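Chemist: Coordinates for the following, if possible.
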Amino acid sequence: LLSKMFPKAGENQPEIRLKGFSGNWFESKLGDISNTFSGGTPSVGYSDFYGGKIPFIRSGEISSYTTSLFLTEEGLMNSSAKLVDKGNILYALYGATSGEVSISNINGAINQAILAIIPFKEYNTEFVSYWLRRDKYRIIDTYLQGGQGNLSGDIIKNLVLKIPSKLQEQTAIGNFFKKLDETLALQAKQLKALENLKKALLAKMFV
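Modeler: Alright, predicted model coming up:
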């Protein structure tokens, strides 16, 4: 479904269109429709840089509501770590999570393995994030052959998106997939609860 609601290569309209929208989509580089930046890591040799109140988001934590490390104001000011806000797009550049994308659930600071992407006001954040998720494996196959190496901010900024000309359509698509994700998450939570109930009943019903 995700692939059918975005135009295929060489096409200007998706196979499936939400009701009420028409017209061709246009192409643009990601870097032309957003502000992007990466962060850095304070020196681990200075204990005064860690143990503060600023969540330090690393590539494996881009979807998390908390972090395992926290920075002090001193650590933030004496490093290339950059602050991001809840709602910013976070893109993992390095390691096992390369190509993963999420919308930040917290305010915090990022390291060099994360690219923050903040679309301009004419572009919908959810839409951009789902386009990146849709193209995850194409990006990895193109730039991380055999799963080796790292992505870079320049690579991601030069990715070419196809975008509806109307912000309303971008928003409708973003909200559609967000609602699906929320429904799936709720069903997964309910399934886990049922599995736990089953285990408890089995333990009590058999000697």
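Chemist: Enumerate the positions of whichever helix in the chain runs longest that are buried.
Modeler: Scanning the chain for the longest helix, with DSSP state H as the assignment, gives helix 167-205. By 16 or more other CB atoms under 10 Å, the buried positions in helix 167-205 come out as 169, 170, 171, 172, 173, 174, 177. All C-beta spots, glycine's among them, are computed from the backbone N, C-alpha and C.
Chemist: Give me the helices and strands touching that helix, please.
Modeler: Under the contact definition 3 or more CB pairs under 8 Å, 6 or more residues apart in numbering; DSSP states H and E, helix 167-205 sits against helix 125-134.
Chemist: quick check, distance from the helix it packs on to the centre of its chain.
Modeler: Centroid separation between helix 125-134 and its chain, computed with CA atoms, centre = their mean, to the nearest Å, is 8 Å.
Chemist: picking that back up, relative to helix 125-134, how tilted is the longest helix of the chain?
Modeler: Between helix 167-205 and helix 125-134, the angle comes out at 70 degrees (axes from the mean of the first three to the mean of the last three CA atoms, to 10 degrees).
Chemist: Helix 167-205: how far from the chain's middle?
Modeler: Relative to the mean C-alpha coordinate of its chain, helix 167-205 is positioned 19 Å out (CA atoms, centre = their mean).
Chemist: before we move on, what about stretch 60-77?
Modeler: Distance of stretch 60-77 from its chain centroid, counting by CA atoms, centre = their mean, is 17 Å.
Chemist: can you give me the end-to-end distance of that stretch?
Modeler: 23 Å (CA to CA, to the nearest Å).
Chemist: And for stretch 76-92?
Modeler: Stretch 76-92 has an end-to-end distance of 20 Å (CA to CA).
Chemist: And the average pLDDT for it is what?
Modeler: Stretch 76-92 carries an average pLDDT of 97.
Chemist: How about stretch 134-153?
Modeler: Mean predicted lDDT for stretch 134-153 stands at 82.
Chemist: residue nearest the centroid of the protein?
Modeler: residue 102 (1.9 Å; CA atoms, centre = their mean).
Chemist: hmm, back to that, confidence-wise, which of the buried residues of helix 167-205 comes last?
Modeler: Within the set of the buried residues of helix 167-205, pLDDT is lowest for residue 177 (88).
Chemist: how much space between it and residue 36?
Modeler: In this view, residue 177 and residue 36 are 22 Å apart by CB to CB, to the nearest Å.
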